[in-house]
Structure formats: C-alpha cells, structure tokens
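A.B. asks: Pasted the sequence and its predicted model underneath.
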Amino acid sequence: MSNSRVGFGIDFHRLEEGRTLVLGGVKIQYDMGLLGHSDADVLTHALCDALLGAAGLGDIGVHFPDSDPRYREISSLELLKRVVELVANAGYHPVNADCVIIAQEPKLAPYFPAMKEALSPIIELPPDYIGLKATTSEKMGPLGRGEGISALSVCLIEKA
Ligand code: MG
C-alpha cells in the first residue's frame, strides 16, 4: 500500500451584502461577503474537505456541524488547524495542496501571496506548496452572475 493519499474538496457559498469577504484567511476588499455559519471562507473549507477526504475522515460538516453554536462566526483558519490535527492524529501530514477559486468578481490574484502566508503555518507547508488559482465562469450560471463563490481543492498527504 502507498504511503500517500490524495483528497478532493469543493465548496460553495452565497454572496450577500453586509458580510466581510474572507478567502484563504485574508479579508478581501469587496462590497459583499460570503454567507455562512462560520466566516464562510469557501477556499479554506474546500482545503479542509480535501485533507479530510485524503485521510478518510469524512467532511467538515461531520466534524464542525453548522447547527453547533461553537462554530458561529469562527475563523475558518481555526477549522483548518483542527483538520490538520485530525489528519496528524490519523498518522499523516500534508505534502502539497492545489486550489481553484471560481468567482466572477473581484480579482483575486493580488491576494494570493497573503493567502499563502496565512495558510502556510496552519497547513504546515511552505507557501509555494500551496497552489492558488482563480477563474471566472465566463458569466455563465449563478457563479457567473456573482451570486456566490466556489472553490475546489486537491491535497496530497503522506504517512508521517
Ligand atoms: Mg463551506
């Protein structure tokens, strides 16, 4: 059996006025933010699910149910930290991660260095082992109309 395992995560959150947009633990200048029980950091949630999936540990809904008041408005970086601990308890550590954010607006590339700096110590990887990319959906569908933002992530883990 291989010592490495790959996991995949995807998440969606709706954009609403009066919320702060947080992606990869970084506040983004925009006139809307993502709606959710936590800070709704869709990128970090996709990363969490990729890590949990790789370790065969289910998904973030299982570990941090949105019916639990303890997770209200919580920073998703805190959730990621706990996920990395769960993965470590299962005997694995992250090798690398690659992510795509699908957002019609705003332009996200200028924030990638800050996102990598924020995620790096928590996922315990150097910034250049965290791939971040952004695309629009070419104005197609709900994401293209700016109704929300989605993120996808793959993560490789190996036996510690
Ligand atoms: Mg989510």
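C.D. replies: All right, it came through fine.
A.B. asks: Write out the residues of this structure neighbouring the ion.
C.D. replies: Taking Cβ under 5 Å from the ion as the criterion, the chain approaches the ion at residues 11, 45. Placement of C-beta: from N, CA and C, glycine included.
A.B. asks: Now the chain against the ion: closest residue?
C.D. replies: His45 (3.6 Å; Cβ to the ion).
A.B. asks: Which element, helix or strand, includes that residue?
C.D. replies: Using DSSP states H and E, His45 maps to helix 42-54.
A.B. asks: State the mean pLDDT of that helix.
C.D. replies: In this model, helix 42-54 has a mean pLDDT of 98.
A.B. asks: Mind checking what helix or strand follows it in sequence?
C.D. replies: Later in the chain than helix 42-54, the nearest helix or strand by DSSP H and E is helix 60-63.
A.B. asks: What residues sit buried inside the next helix or strand after that next one?
C.D. replies: Counting by DSSP H and E, the next helix or strand C-terminal to helix 60-63 is helix 76-89. Within helix 76-89, the residues that count as buried by 16 or more other Cβ atoms under 10 Å are 76-80, 82-84, 86-87.
A.B. asks: Quick check: phi and psi at the nearest residue to the residue of the chain closest to the ion once chain neighbours are set aside.
C.D. replies: The spatially closest residue to His45, leaving aside those adjacent along the chain, is Asp11, at 4.2 Å (Cβ to Cβ, 6 or more residues apart in numbering). Backbone torsions of Asp11, given as degrees, to the nearest 10, read phi -150, psi 160.
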